[in-house]
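Enquirer: Need coordinates for the following:
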Amino acid sequence: LGLALADSGASGPIRLWGQAATSAEGGLEIGGAAPVSLAIQKQEPGPPGEAGCSCCCLCSTRPARGSERLVSHRANREACSRGLGVSSEPPHASAAGCTLYPVVRGFSWEDCGGGKDPVVLRSLSVAPDPITIPGNVKVSAVVTSSAAMTSPLKGVLTVEKKLGELWIQIPCIDQLGSCTYDDVCSILDDIIPPGEPCPEPLVTYGIPCHCPFKAGSYSLPSSDFALPDIELPSWLTNGNYRIRGVVSYGGKELSCVQLEFSVHSN
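Expert: Predicted structure coming up:
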């Protein structure tokens, strides 16, 4: 465990003491009344032939009660919480206290309606590869529709994870996973209330965000989107995934799209 901190003297609220990088007899002394945030980097070795993972334990002290010491070899989430009485709630954390950010690789897609459905995804491009969450992504797409899509639109998602040579279906948990949505239009209304304008770049390119969707061609040139720092579902662990989405109206399939990708934590 290495501490990326240079001791500039004993006058500041944080100072190194002893052999912080190599010995249990060294660490950090934190004093003063102001809260202090620490970012402690830890390098995890990777599998043979692969790069390791650089993790970071994020610790924020409460206003200090005099001076307290954090021993370097215990500078992880558990030690932060127990030894310093701190808040350490990273968005994606391993048991060792590293902050792990998910990365999506190998994204691919196909129109699983065989081009025979009324609504066809003609093209889809997502970059970069890998995609980091949080981060920025560029998306372009072309969709053609020979029929209007009106409420109620039924959506069925099938989410599978690959284990060995088998694809195992992920159940529907808290409306995420392999779920059925009886009215996709009402979900869109919950996200963007009727009467509010659609977000950019949809407005610029004339792409609606509410039902009904008229027949025609919809094209989204390469556009930037920000992926927020969100808490991912507990089942979305490292591995390969396949997601199939089917939209129907009155029992008739309107569109089918399948996505494949892999998730890794960096």
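Enquirer: Let me see the contact set for residue 246.
Expert: 112, 155, 156, 158, 253, 255, 256 (CB atoms under 8 Å, 6 or more residues apart in numbering). All C-beta atoms are positioned from the backbone trio N, CA, C, and that covers glycine.
Enquirer: closest to residue 104 among those residues?
Expert: Of all those, residue 104 sits closest to residue 158, with 18.6 Å by CB to CB.
Enquirer: Correct me if wrong: that closest one contacts residue 171.
Expert: No. Under the criterion of CB atoms under 8 Å, residue 158 is not in contact with residue 171, lying 10.8 Å apart.
Enquirer: Pick out whichever of the two has more residues nearby.
Expert: Ranked by neighbour count (other CB atoms under 10 Å), residue 158 and residue 171 place residue 158 first, with 17 against 10.
Enquirer: which stretch of helix or strand covers that one?
Expert: According to DSSP states H and E, residue 158 maps onto strand 154-163.
Enquirer: Can you tell me what sits against the helix or strand following that strand?
Expert: Using DSSP H and E, the helix or strand that follows strand 154-163 towards the C-terminus is strand 166-169. By CB under 8 Å, 6+ apart, the residues outside strand 166-169 that reach it are 158, 159, 160, 161, 162, 178, 242.
Enquirer: try stretch 134-149
Expert: For stretch 134-149, with CB under 8 Å, 6+ apart as the criterion, the contacting residues are 101, 118-128, 131, 211-230, 247, 249, 254.
Enquirer: Tell me where the stretch 151-266 of the chain has helices.
Expert: With DSSP state H, counting those that start in this stretch as the definition, the stretch 151-266 of the chain shows helices at residue ranges 184-191.
Enquirer: Now go through the contacts of stretch 134-149 and say which are in strands.
Expert: 119-127, 131, 216-227, 247, 249, 254 (DSSP state E).
Enquirer: ok, of these, which come out buried?
Expert: Buried members of those, counted by 16 or more other CB atoms under 10 Å: 119, 120, 121, 124, 126, 131, 218, 220, 247, 249, 254.
Enquirer: Tell me the spacing between the second one and residue 177.
Expert: Plainly put, residue 120 is 26 Å away from residue 177 if you go by CB to CB, to the nearest Å.
Enquirer: Over to the first one?
Expert: Taking CB to CB as the criterion, residue 119 is separated from residue 177 by 24 Å.
Enquirer: just the fifth one next, same as before
Expert: From residue 126 across to residue 177, the span is 21 Å (CB to CB).
Enquirer: repeat for the third one
Expert: Noted for residue 121: a distance of 22 Å to residue 177, by CB to CB.
Enquirer: pLDDT at residue 126, what is it?
Expert: For residue 126, the pLDDT comes out at 93.
Enquirer: could I get the buried ones among the ones in strands among the contacts of stretch 134-149 as TSV with distance to residue 263?
Expert: Formatted as TSV, these follow (distance: CB to CB, whole Å):
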residue	distance to residue 263
119	28
120	28
121	22
124	19
126	14
131	10
218	29
220	25
247	25
249	32
254	29
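Enquirer: And the residues you listed, which is the shakiest by pLDDT?
Expert: Ranked by pLDDT, those bottom out at residue 131 (86).
Enquirer: any idea how far residue 249 is from that one?
Expert: Going from residue 131 to residue 249 by CB to CB gives 32 Å.
Enquirer: what does residue 193 give?
Expert: 23 Å.
Enquirer: Please apply the same query to residue 132.
Expert: Distance from residue 132 to residue 249, by CB to CB: 37 Å.
Enquirer: next one: residue 119
Expert: Counting by CB to CB - residue 119 and residue 249 are separated by 10 Å.
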